[in-house]
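Novice: Quick one, structure for this:
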Amino acid sequence: QPRLQQRLTRRTTLGRLAVGGGAAAALVTGLGPRLTAAHSAAPVATPAPPPGPDLVEPEEVVSKDGLLDVTLTARLGPAKVAGRDVITYVYNHSFPGPTMRIHPGDRLRVKLVNQLPDMPTNLHVHGFHVSPSGNSDNVFLHIMPGETFQFEFDTPTDHAPGLYWYHAHPHGYSELQVYGGMAGGIVNVGPFDDLPGIAGLKERVLLIQISAFRADGHLLPLEEVTAAPTPYYVNGQVNPTIRIRPGETQRWRIGNISADFFVNLHLDGHVMHETMADANPQDRPVPQNAIVLGPAERTEVLVQAGAPGTYQFKTLPFGPGLQATPEVLLATMVVEGEPVTSTLLPTELVPFLDLRTVPVDRTRELEFQMVPQPDGTFKDQISGRQFDPDVVNQVVRLGATEEWTISNATEFWHPFHIHINDFQVVALNGQPYEAHGYDDTFPVPPHGSFTMRIRFTDFTGRFVYHCHILNHEDGGMMGVVDVVS
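Specialist: Next up is the predicted model:
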């Protein structure tokens with residue numbers, strides 16, 4: 001992949017010049033549960049640029065009688081982004097793709113039509129606990145140009161509620177396709193939605209994408225992207241207006257569905273009460289002034305409006321060197337209208353099985369590496385190996401509980417993601433970590449580590465784990481696990 005090698009060389013070299021190990025290590029200071037960056041909420045409304053149009057949710061398709069049957073047509077073609085006509089990689093001419101709303105136990109059928117001009121594609125349902133084989137969540141499949149493939153995902157009856165997402169996952173092309181816009185949300189509705197303090201709240205879906213377009217509307221080629229491009233898009237809009245009444249509580253489902261960049265979420269003048277992480281309910285709401293989301297991570301928060309005024313919902317600066325992202329306004333919250341009596345926020349949510357109490361069948365260690373090469377490029381790998389679809393890196397017994405330590409030998413953050421089974425973080429940089437639920441993606445700090453416990457339940461077969469910076473995944477920072485009976 002010459003393009004990937006070129007970008008890898010530029011990014012990594014500049015990043016090494018910009019930050020050393022000490023500065024990268026200092027970046028971890030102050031980060032607590034869920035990697036929440038310390039930041040004080042402003043006590044009053046902040047002057048803001050003129051708000052954009054009201055927030056528009058992506059088109060929604062809803063399951064009926066246990067089935068959602070949908071067609072996604074992947075193409076390089078016209079789409080509307082922030083009111084502008086562009087040419088990019090999308091599903092169904094939509095940036096982002098349609099939001100799929102399902103219930104536990106539903107069957108999700110997706111007919112994927114590849115009308116891309118010159119590359120394969122496939123489909124990953126990120127966070128789903130489903131079979132990794134056949135025509136289910138099988139990322140080893142490659143649907144070639146001109147081909148149509150029928151995916152079927154049978155969700156379990158106890159599938160965790162929350163915000164999932166889907167995206168293209170063909171090795172070597174994932175970054176380009178997701179950067180272009182081939183991604184969308186999935187909302188799984190479940191018993192959590194009926195809990196006191198949650199039921200009946202107005203819901204917002206906020207999907208963050210980070211893409212860049214030339215003056216003529218064509219997607220900016222990846223090799224010309226040297227830093228996080230701005231503006232950022234929320235549901236394909238720039239700085240949309242989110243309206244809320246004084247005292248009203250809303251439920252925001254937020255997903256970072258960008259290909260490569262972190263966001264550091266903050267809402268001026270307000271605390272975000274986090275209730276879910278990666279479509280996993282937490283045991284209690286956790287008040288946050290800022291929430292770091294790596295690529296692919298999702299959060300759900302309760303926002304209770306304060307005094308009338310205009311407040312910025314933004315991402316704060318985050319990250320070292322060329323991985324650094326600036327402060328960017330995401331949306332403007334406008335508190336207006338007749339006040340309402342504030343509802344009591346829940347104090348307890350959903351208890352979870354603490355995997356620290358479960359016997360461990362095996363421990364493993366993995367290391368994210370970017371290794372200098374004689375030609376000046378860097379090789380993305382995990383524990384000395386690059387991804388090979390024909391090589392199994394770990395064999396796991398069905399039903400096993402394992403403890404994995406994921407370490408990072410580089411100056412960059414790497415969001416670790418494993419398919420099919422969620423995990424519990426039990427240590428961060430060697431220190432005990434108090435999780436409030438499970439994750440499917442978690443950032444490994446520069447020159448740091450985290451330790452997780454994971455149960456391999458219900459499904460045998462091969463699937464992958466990888467860095468969810470898709471430039472790194474396409475470069476080889478991915479491995480294969482095979483669950484056997």
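Novice: C-alpha from now on. contacts and neighbour counts both.
Specialist: Fine.
Novice: Quick check: the gap between residue 157 and residue 396.
Specialist: In this view, residue 157 and residue 396 are 25 Å apart by CA to CA, to the nearest Å.
Novice: the more surrounded of those two?
Specialist: Legend: neighbour count by other CA atoms under 10 Å for residue 157 and residue 396, higher for residue 396 (18 against 11).
Novice: Would you confirm that that one contacts residue 483?
Specialist: Yes. Counting by CA atoms under 8 Å, residue 396 touches residue 483, with 4.7 Å between them.
Novice: anything in contact with each of these two?
Specialist: residue 456 (CA atoms under 8 Å, 6 or more residues apart in numbering).
Novice: Which residue ranges of the stretch 251-400 of the chain form strands?
Specialist: Counting by DSSP state E, counting those that start in this stretch, one finds strands in the stretch 251-400 of the chain at the ranges 263-267, 272-277, 280-288, 291-293, 298-304, 309-315, 328-335, 362-372, 378-382, 394-397.
Novice: The stretch 51-200 of the chain now?
Specialist: For the stretch 51-200 of the chain, the strands defined by DSSP E, counting those that start in this stretch cover 60-62, 67-81, 84-91, 99-102, 107-114, 124-126, 148-154, 162-167, 183-188.
Novice: Break down the stretch 151-300 of the chain into its helices, ranges please.
Specialist: For the stretch 151-300 of the chain, the helices defined by DSSP state H, counting those that start in this stretch cover 174-180.
Novice: ugh, wrong one, I meant the stretch 1-150 of the chain
Specialist: Along the stretch 1-150 of the chain, the stretches classed as helices by DSSP H, counting those that start in this stretch are 2-18, 21-27.
Novice: Where among the ones you listed is average confidence lowest?
Specialist: If you rank those by mean pLDDT, helix 2-18 sits at the bottom with a mean of 30.
Novice: what pLDDT does residue 296 get?
Specialist: For residue 296, pLDDT reads 98.
Novice: Distance check, it against residue 442.
Specialist: Counting by CA to CA, the gap from residue 296 to residue 442 is 9 Å.
Novice: ditto for residue 214
Specialist: Taking CA to CA, one finds residue 214 at 33 Å from residue 442.
Novice: For the nearest residue to residue 485 once chain neighbours are set aside, give me its contacts.
Specialist: Nearest-residue entry for residue 485: residue 398, 5.3 Å, with adjacent residues in sequence omitted and distances by CA to CA, 6 or more residues apart in numbering. Residue 398 makes contacts with 456, 457, 458, 459, 460, 483, 484, 485, as judged by CA under 8 Å, 6+ apart.
Novice: same question, residue 237
Specialist: With contact taken as CA under 8 Å, 6+ apart, residue 237 is in contact with 55, 56, 81, 82, 83.
Novice: again, only this time at 10 Å
Specialist: Neighbouring residues of residue 237 by CA atoms under 10 Å, 6 or more residues apart in numbering: 52-57, 80-84, 95, 207-209, 231, 330-331.
Novice: Is it correct that residue 418 is in contact with residue 462?
Specialist: No. With contact defined as CA atoms under 10 Å, residue 418 does not count as touching residue 462 (11.5 Å).
Novice: so what sits against both of the two?
Specialist: 480, 481.
Novice: Looks like residue 81 contacts residue 219 (just checking).
Specialist: No. The criterion here is CA under 10 Å, and residue 81 misses it with residue 219 at 11.1 Å.
Novice: Can you tell me how far the residue in the chain sticking out farthest from the centre is from residue 252?
Specialist: Ranking residues of the chain by C-alpha distance from their mean position (CA atoms, centre = their mean) puts residue 338 at the top, at 35.6 Å. Separation of residue 338 from residue 252 (CA to CA): 21 Å.
Novice: Give me the most central residue, the protein.
Specialist: The structure's the chain has its C-alpha centroid closest to residue 296; by CA atoms, centre = their mean the separation is 1.4 Å.
Novice: How about the backbone phi and psi for that one?
Specialist: Main-chain torsions, residue 296, degrees, to the nearest 10: phi 90, psi -20.
Novice: Looks like it contacts residue 417 (just checking).
Specialist: Yes. Applying CA under 10 Å, one finds residue 296 in contact with residue 417, separated by 8.4 Å.
Novice: which residues do those two both contact?
Specialist: Jointly contacting residue 296 and residue 417 under the rule CA under 10 Å, 6+ apart are 126, 127, 440, 441, 442, 468, 469.
Novice: Would you mind listing which of those residues are buried?
Specialist: 126, 127, 440, 441, 442, 468, 469 (16 or more other CA atoms under 10 Å).
Novice: Poorly predicted segments of the stretch 301-450 of the chain, please.
Specialist: Within the stretch 301-450 of the chain, no stretch has pLDDT under 70.
Novice: now with 90?
Specialist: Scanning the stretch 301-450 of the chain for pLDDT under 90 picks out the ranges 320-324, 343, 372-373, 375-378.
Novice: and what of the stretch 1-150 of the chain?
Specialist: For the stretch 1-150 of the chain (pLDDT under 90), the answer is 1-52.
Novice: at 50 instead, please
Specialist: Applying pLDDT under 50 to the stretch 1-150 of the chain flags the ranges 1-33, 36-48.
Novice: Let me see the contact set for the closest residue to residue 222 other than its chain neighbours.
Specialist: Distance criterion CA to CA, 6+ apart; nearest residue to residue 222, sequence neighbours excluded, is residue 176 at 7.1 Å. For residue 176, the contact set (CA under 10 Å, 6+ apart) comprises 88, 89, 168, 182, 221, 222, 259, 470, 471, 474.
Novice: how near is residue 87 to residue 212?
Specialist: As judged by CA to CA, residue 87 and residue 212 stand 11 Å apart.
Novice: what's the overlap in contacts for these two?
Specialist: Common neighbours of residue 87 and residue 212 are listed as 180, 218, 219, 220 (criterion: CA under 10 Å, 6+ apart).
Novice: which one of the residues you listed is nearest residue 288?
Specialist: Distance to residue 288, by CA to CA, is smallest for residue 180 among the shared contacts of residue 87 and residue 212, at 31.0 Å.
Novice: wait, what's in contact with the closest one?
Specialist: Neighbours of residue 180 in contact, by CA under 10 Å, 6+ apart: 76, 87-90, 95-96, 174, 209-213, 219-222, 258-259.
Novice: Please repeat the previous calculation with a cut-off of 6 Å.
Specialist: Taking CA atoms under 6 Å, 6 or more residues apart in numbering, we find residue 180 in contact with 88, 89.
Novice: now swap in the one 10 residues further on and tell me
Specialist: Under the criterion of CA under 6 Å, 6+ apart, the contact partners of residue 190 comprise residue 161.
Novice: for residue 477, same thing?
Specialist: Counting by CA under 6 Å, 6+ apart, residue 477 touches 380, 381, 382, 466.
Novice: can you check residue 100 too?
Specialist: With contact set as CA under 6 Å, 6+ apart, residue 100 has these partners: 60, 61, 186.
Novice: What residues are bridge-paired with it?
Specialist: The partner list for residue 100 in beta bridges (DSSP bridges) reads residue 61, residue 186.
Novice: Relative to residue 274, how far out is it?
Specialist: From residue 100 to residue 274 the distance is 23 Å (CA to CA).
Novice: How about residue 425?
Specialist: Residue 425 is 17 Å from residue 274, by CA to CA.
Novice: between these two, which one's more packed in?
Specialist: Per other CA under 10 Å, whichever of residue 425 and residue 274 has more neighbours is residue 425, with 26 against 23.
Novice: Buried among the contacts of residue 477? Need that as a selection in ChimeraX.
Specialist: Applying 16+ other CA under 10 Å to the contacts of residue 477 leaves a buried subset, and the ChimeraX line that selects it is:
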select :380,381,382,466
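Novice: would you turn the contacts of residue 477 into JSON lines with distance to residue 429?
Specialist: As requested, the contacts of residue 477 are exported to JSON lines (distance: CA to CA, whole Å):
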{"residue": "380", "distance to residue 429": "22"}
{"residue": "381", "distance to residue 429": "21"}
{"residue": "382", "distance to residue 429": "18"}
{"residue": "466", "distance to residue 429": "19"}
